Structure formats: C-alpha cells, structure tokens
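Engineer: Build me a structure from this.
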Amino acid sequence: MHRRGITWSFTQHLEDLDYAEYICLLSHRLIDIQAKASDLEKRANAVGLSINASKTKAMRFNNSNQGSITISGKTVDFVDHFTYLGTIISSSGGVEKDVESRLLIDIQAKASDLEKRANAVGLSINASKTKAMRFNNSNQGSITISGKTVDFVDHFTYLGTIISSSGGVEKDVESRLCKARSAFGRLHRIWRNQQISRRTKLRIFNACVKSILLYGAETWLTSQRMMSKLQSFINKCLRIICGIFWPNRISNSDLWRNTGEAPIHHQIKKKK
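Structural biologist: Got it, this is the predicted structure:
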C-alpha cells in the first residue's frame, strides 16, 4: 500500500490527526494531499456528510509547490498560520505568533481586572487617555476598556522621558536637546552679561541647562552619533559662555580644562 502520510520514524508514517470535530491530513507531496482530500470527501458523502471547502485551510511547511487543492470543485485557501484549540500553528514552525497572541490576551485580562477593581471603589478608567504600545510584537489585535478600543502608539512621554516602541532613546535625546536649547536661549542675557563671572555662569549652566539635557541619561543606551550631538551642543554653549566667537578658536580639550568640564561620555558614565 502506498504511504501518503509523513515520516514519523524509521518504520512509522503519520497519515492524519483526528480530533472531535476536526481532522488534519498530512502528506509530503501535494498530489498525495489532494488524493487524501478526495478520499475523505467520498467517505463523508457516503454517510450523508459534506466538507465545507470555505472553512477548510491548507498550510505548506518548507514546501515551495504552488499547486492548489480542491474540495467539491472549490479551491482550498492556503494560510501561513491558523488557530487550533487556542494555539497558533505557524508555517515557519516557530511559536512567535502564539506567544505574541498570549501576551495580548494577558494584557487584556489585566486591563479588564484593573477596570473591575477601579469600578468597585467608584473609580473609572478613561479609555481615550489610555494608550498601549507594542515592543517587538507584530500582533495586530486590540485592547478594550469599557467597550472602547485603546489606541496603540509608537512612543509616549512618562515623567518627562520619551518611551519608544523601538526600545531606543533617540526620540528622548532629541527632546532633551530641544528643551536644553530653549533653556539656554532664555538665559542669553546672563551669558552676555560682563558683570557676572564665568564661574557663576557655569554654575547656572550646570543647574539650568545641563540638568535638563542629561535628565534620565543613566538609562540611555548611547551611540557614537548620539554622543557627538550632545557634545557638540555643550561645546557650543561653553564657547558662548566664555565669549569665544569666530574667528577666535580654542580646542575642545582647552575649552574643557578652562571650564572644568569633562567629556560628555564620562559624565553619562558617572551618572550610571
């Protein structure tokens, strides 16, 4: 007898998986799976049953054959994943989609539980102000609170720090630079005032500008490009405070020595 299933061991073949109301046909070749589907259809018709082709799905595992499978003259759809008994089966053989789905189910359960606990003490959750974010998760499912869908965002601000779905800190650093530039610009009269000593100006700079720039820096995963941006901004500020303008020049090392500053990567490392 010709074996049309898949090799299970050296001496065994697996033809199909049978469950209460489902059956999963297995085969290495497309021609064999079509023959098995046709045989199943005939046996079902013989006892007064029929197979719903629109609800029947097929999946390829490491098989590039683009042929089709038909049941009752209708073509069966091929899918890259499907859900069976609550578990997502993927054509890649991996479990990423199933894990992502379970994570979303967990967060929905936690959101529902939080809503119940809040209602129990007379509080309510504002769904329009509630936001969700995906980290390395492609699941496009939704989360609801009070029947309203929660918006997914790629970044949000928490305690002055921008949290990004990419896990990077580029948006936060750009925001810090923008705020520090604004703070430095508002103090321009102090930087140009000849009656205020350089030491006082530097103390004001550290307290009112650099503290804004490096807020939360101990959590940053820095890159050379990011360090260069931060250092360029600080160097420019120090030159203005010291009154060094074009065509006058000073090296960065001399600038840092005159102002008692350390390179920015040393300062961030110290904060960590």
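
Engineer: Could you use CA atoms for every contact and neighbour count after this?
Structural biologist: Fine.

Engineer: okay, now the domains of this protein?
Structural biologist: 6-79, 98-153, 161-271 (automatic domain parsing).

Engineer: so which of those comes closest to residue 91?
Structural biologist: Closest approach to residue 91 among the domains of the chain (C-alpha to C-alpha): domain 6-79, 5.4 Å.

Engineer: quick revisit: in JSON lines, list the domains of the chain along with distance to residue 88.
Structural biologist: Formatted as JSON lines, the domains of the chain follow (distance: least, C-alpha to C-alpha, whole Å):
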{"stretch": "domain 6-79", "distance to residue 88": "12"}
{"stretch": "domain 98-153", "distance to residue 88": "5"}
{"stretch": "domain 161-271", "distance to residue 88": "24"}
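
Engineer: Those into a markdown table, with extra columns for distance to residue 90 and mean pLDDT?
Structural biologist: Formatted as a markdown table, these follow (distance: least, C-alpha to C-alpha, whole Å; pLDDT from 0 to 100):
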| stretch | distance to residue 90 | mean pLDDT |
| --- | --- | --- |
| domain 6-79 | 9 | 85 |
| domain 98-153 | 8 | 83 |
| domain 161-271 | 25 | 91 |
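
Engineer: Let's have the ones you listed in TSV, adding mean neighbour count.
Structural biologist: Shown next, in TSV, are the domains of the chain (neighbours: other C-alpha atoms under 10 Å):
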stretch	mean neighbour count
domain 6-79	13
domain 98-153	14
domain 161-271	15
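
Engineer: helix or strand right after the helix or strand hosting residue 178?
Structural biologist: Per DSSP states H and E, residue 178 falls inside helix 170-186. From helix 170-186 onward toward the C-terminus, using DSSP H and E, the following helix or strand is helix 188-192.

Engineer: what residues does that following helix touch?
Structural biologist: 196, 201, 240, 241, 243 (C-alpha atoms under 8 Å, 6 or more residues apart in numbering).

Engineer: so what's the backbone phi/psi at the last one?
Structural biologist: What that stands for is residue 243. Main-chain torsions, residue 243, degrees, to the nearest 10: phi 70, psi 30.

Engineer: dump the residue contacts of it.
Structural biologist: residue 192.

Engineer: Quick check: the gap between it and residue 233.
Structural biologist: From residue 243 across to residue 233, the span is 15 Å (C-alpha to C-alpha, to the nearest Å).

Engineer: Please apply the same query to residue 74.
Structural biologist: 67 Å.

Engineer: residues in contact with residue 238?
Structural biologist: Contacts of residue 238 by C-alpha under 8 Å, 6+ apart are 255, 259.

Engineer: C-terminal to the strand or helix carrying it, what's the next element?
Structural biologist: Element membership for residue 238 (DSSP H and E) is helix 224-241. Reading on from helix 224-241 to the C-terminus, the next helix or strand found by DSSP H and E is helix 252-259.

Engineer: mind saving the C-alpha coords of that next one as PDB?
Structural biologist: C-alpha atoms of helix 252-259 as PDB (Å, rounded to 0.1, in the frame of the first residue of the first chain):
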ATOM      1  CA  ASN A 252      37.900  71.200  22.900                       C
ATOM      2  CA  SER A 253      40.400  69.900  25.400                       C
ATOM      3  CA  ASP A 254      41.400  73.500  26.300                       C
ATOM      4  CA  LEU A 255      37.800  74.500  26.500                       C
ATOM      5  CA  TRP A 256      37.000  71.700  28.900                       C
ATOM      6  CA  ARG A 257      40.100  72.500  31.000                       C
ATOM      7  CA  ASN A 258      39.200  76.200  31.200                       C
ATOM      8  CA  THR A 259      35.600  75.500  32.200                       C
END
